[in-house]
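Undergrad: 3D model of this:
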Amino acid sequence: MAETVTIARPYAEALFKLAQETGRFDAWSETLQLLETVILDPAIAACIGNPNVSADNLQRLIEDVCGDRLDSAGKSFLQALQRNSRLSILPEIRNIFEALRLENEGIIEAQIHSAFPIDDAQVTGLVKKLESKYKRKVRAKVSVDSKLIGGIKIVVGDNVVDATVRGKLDAMSAVLIR
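TA: Okay, the predicted model is just below:
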């Protein structure tokens, strides 16, 4: 995984710089999302790296699938990835680009995992507490995971707050096993 990040980072940073210079963050985010969706399609994924599919044919195939949603800059980026056999790292390029974008906008992402659905008021309260703690705007993504049994787990970057029943049971189990 570290190798993929190392390879993807220069592409993501170059796109970020271009987006910054042109003010086209939204357009590049959409382009990266589109390209990622297309290359992850099983039919297209089977063509990537297939010696029976030429680079030119693969390029045209992806461009045809994208249609007019892929502008000339997007086509040039696709061509650079194809020419350097880097289509497979597109998801990582997109992740790094989006992380750079959020950092530039002063936003951090928080993953909130809950054992049960939580309402908007509860999410708003959690977001306000996180914004106060991190002194940045927080974009929360909420998911329900019944394996947690009860409580919530919040992940912000490398920081994890585990207030779940599952987490407490795992911690108790680790203590008892010692």
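
Undergrad: what sits up against stretch 62-74?
TA: Residues outside stretch 62-74 that contact it (C-beta atoms under 8 Å, 6 or more residues apart in numbering) are 18, 27, 30-31, 34-35, 38-39, 41, 44, 75, 78, 82. No exception for glycine: its C-beta is placed from N, CA and C like everyone else's.

Undergrad: buried set for it?
TA: 62, 65-66, 70, 73-74 (16 or more other C-beta atoms under 10 Å).

Undergrad: now a PyMOL select for only the buried ones of the contacts of stretch 62-74.
TA: In PyMOL, this line selects whichever of these come out buried by 16+ other C-beta under 10 Å:
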select buried, resi 31+34+35+38+39+44+78+82
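
Undergrad: of all the contacts of stretch 62-74, which two lie farthest apart?
TA: The distance between the two most remote of the contacts of stretch 62-74 (C-beta to C-beta) is 26.0 Å, for Leu18 and Asp41.

Undergrad: for Ala115, which non-adjacent residue is closest in space?
TA: Spatial nearest neighbour of Ala115, excluding adjacent residues (C-beta to C-beta, 6 or more residues apart in numbering): Leu148 at 4.1 Å.

Undergrad: could you measure from the one you found over to Thr164?
TA: Separation of Leu148 from Thr164 (C-beta to C-beta, to the nearest Å) stands at 4 Å.
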